[in-house]
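S.K.: Have a look at this fold, sequence not included:
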């Protein structure tokens, strides 16, 4: 007897894995990451942690790149980012 609301615990979907807690996943993985942020003024690239707890400024023009919130850091208006890979 298979119900339509049953989920496959051995082969969870990517959507289900992303929603679940970082320690409750089939393979534990963190929610945080490093990213390259491009300044809107001078177009220099700075590496920033996604959950940074301090204000990050551009080293060349002193513009604010991101502001901390309770969880993830909020990027400033006009800044673009790219998630870093290994």
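M.R.: Thanks, I have the structure now. Please read these numbers as outputs of a predicted model, since none were measured by experiment.

S.K.: Where do the helices of the chain begin and end?
M.R.: 14-19 (DSSP state H).

S.K.: What segments of it are strands?
M.R.: Listed in chain order, the strands of the chain (DSSP state E) span 34-38, 45-49, 56-57, 64-67, 74-75, 80-83.

S.K.: Name the surrounding residues that touch the helix or strand bottoming out on mean pLDDT in the chain.
M.R.: Every helix and strand in the chain was compared by mean pLDDT, DSSP states H and E; the lowest is helix 14-19, with a mean of 86. With C-beta atoms under 8 Å, 6 or more residues apart in numbering as the contact definition, helix 14-19 has outside contacts at 7, 25, 26. The way it works is simple: take the backbone N, C-alpha and C, and place the C-beta from them, glycine included.

S.K.: For the strands of the chain, could you give me TSV that also reports distance to residue 13?
M.R.: Formatted as TSV, those follow (distance: least, C-beta to C-beta, whole Å):
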stretch	distance to residue 13
strand 34-38	26
strand 45-49	28
strand 56-57	35
strand 64-67	31
strand 74-75	29
strand 80-83	21
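
S.K.: so can I have JSON lines of these showing mean pLDDT, distance to residue 14 and mean neighbour count?
M.R.: As requested, these are exported to JSON lines (pLDDT from 0 to 100; distance: least, C-beta to C-beta, whole Å; neighbours: other C-beta atoms under 10 Å):
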{"stretch": "strand 34-38", "mean pLDDT": "95", "distance to residue 14": "21", "mean neighbour count": "16"}
{"stretch": "strand 45-49", "mean pLDDT": "94", "distance to residue 14": "24", "mean neighbour count": "15"}
{"stretch": "strand 56-57", "mean pLDDT": "94", "distance to residue 14": "30", "mean neighbour count": "18"}
{"stretch": "strand 64-67", "mean pLDDT": "94", "distance to residue 14": "27", "mean neighbour count": "18"}
{"stretch": "strand 74-75", "mean pLDDT": "94", "distance to residue 14": "25", "mean neighbour count": "15"}
{"stretch": "strand 80-83", "mean pLDDT": "92", "distance to residue 14": "16", "mean neighbour count": "12"}
